[in-house]
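[1] generate a structure from the sequence data that follows.
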Amino acid sequence: QVQLVESGGGLVQAGGSLRLSCAASGRTFNSYTMGWFRQAPGRERDFVAAISWTGGSTLHADSVKGRFTISRDNAKNTVYLQMNSLKAEDTAVYYCAARSGWTPARESNTYAYWGQGTQVTVSS
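    As a prediction, this is how the structure comes out:
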């Protein structure tokens, strides 16, 4: 069992930056691939980024590539999402997720553990 708690969301102007954090507790953090997803009102949950258990392999959605960066610190049991050049369309609840396996994945149904989410609102 893994417990995930997100933080760092908030209100920011377009063009600004935020860094989301996801603190994990429970079973060995560094044995899990981690991901970030987001869900805007009236929309499905979308993939944002994922990172392998070593941090050596990452995936980013095309919509955030070049603006968002996922990283992890296994010593702190924490995964991060650095978000730069934020746009109004980035407004959503952002969720952290964990899955067993060696490689990052885009499919939300492969992630077994989820946090409660943190709201990110970008004003235009």
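[2] which parts of this structure are strands?
    Assigned by DSSP state E, the strands in the chain fall at 2-7, 10-13, 18-26, 32-39, 46-51, 58-60, 68-73, 78-83, 92-100, 113-114, 118-123.
[3] check which helices and strands the third one is in contact with.
    With contacts defined as 3 or more CB pairs under 8 Å, 6 or more residues apart in numbering; DSSP states H and E, the secondary structure elements packing on strand 18-26 are strand 2-7, strand 32-39, strand 78-83, strand 92-100, strand 118-123. All C-beta spots, glycine's among them, are computed from the backbone N, C-alpha and C.
[4] low pLDDT regions in this protein?
    Applying pLDDT under 70 to the chain picks out residues 27.
[5] in CSV, list the helices and strands packed on strand 18-26 along with mean neighbour count.
    Formatted as CSV, these follow (neighbours: other CB atoms under 10 Å):
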stretch, mean neighbour count
strand 2-7, 18
strand 32-39, 25
strand 78-83, 23
strand 92-100, 22
strand 118-123, 17
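[6] now render those as CSV, adding distance to residue 54.
    Formatted as CSV, the helices and strands packed on strand 18-26 follow (distance: least, CB to CB, whole Å):
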stretch, distance to residue 54
strand 2-7, 17
strand 32-39, 10
strand 78-83, 13
strand 92-100, 14
strand 118-123, 25
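[7] so which of those strands comes closest to residue 62?
    strand 32-39 (13.9 Å; CB to CB).
[8] output that closest one as PDB, nothing but the C-alphas.
    Output of strand 32-39 as PDB, limited to C-alpha atoms (Å, rounded to 0.1, in the frame of the first residue of the first chain):
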ATOM      1  CA  TYR A  32       7.300   2.500  -8.100                       C
ATOM      2  CA  THR A  33       6.900   4.400 -11.300                       C
ATOM      3  CA  MET A  34       5.200   7.700 -10.700                       C
ATOM      4  CA  GLY A  35       2.900   9.800 -12.700                       C
ATOM      5  CA  TRP A  36       1.000  13.100 -12.800                       C
ATOM      6  CA  PHE A  37      -2.500  13.400 -14.300                       C
ATOM      7  CA  ARG A  38      -4.900  16.200 -14.400                       C
ATOM      8  CA  GLN A  39      -8.700  16.700 -14.700                       C
END
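[9] no further queries at this time; thank you.
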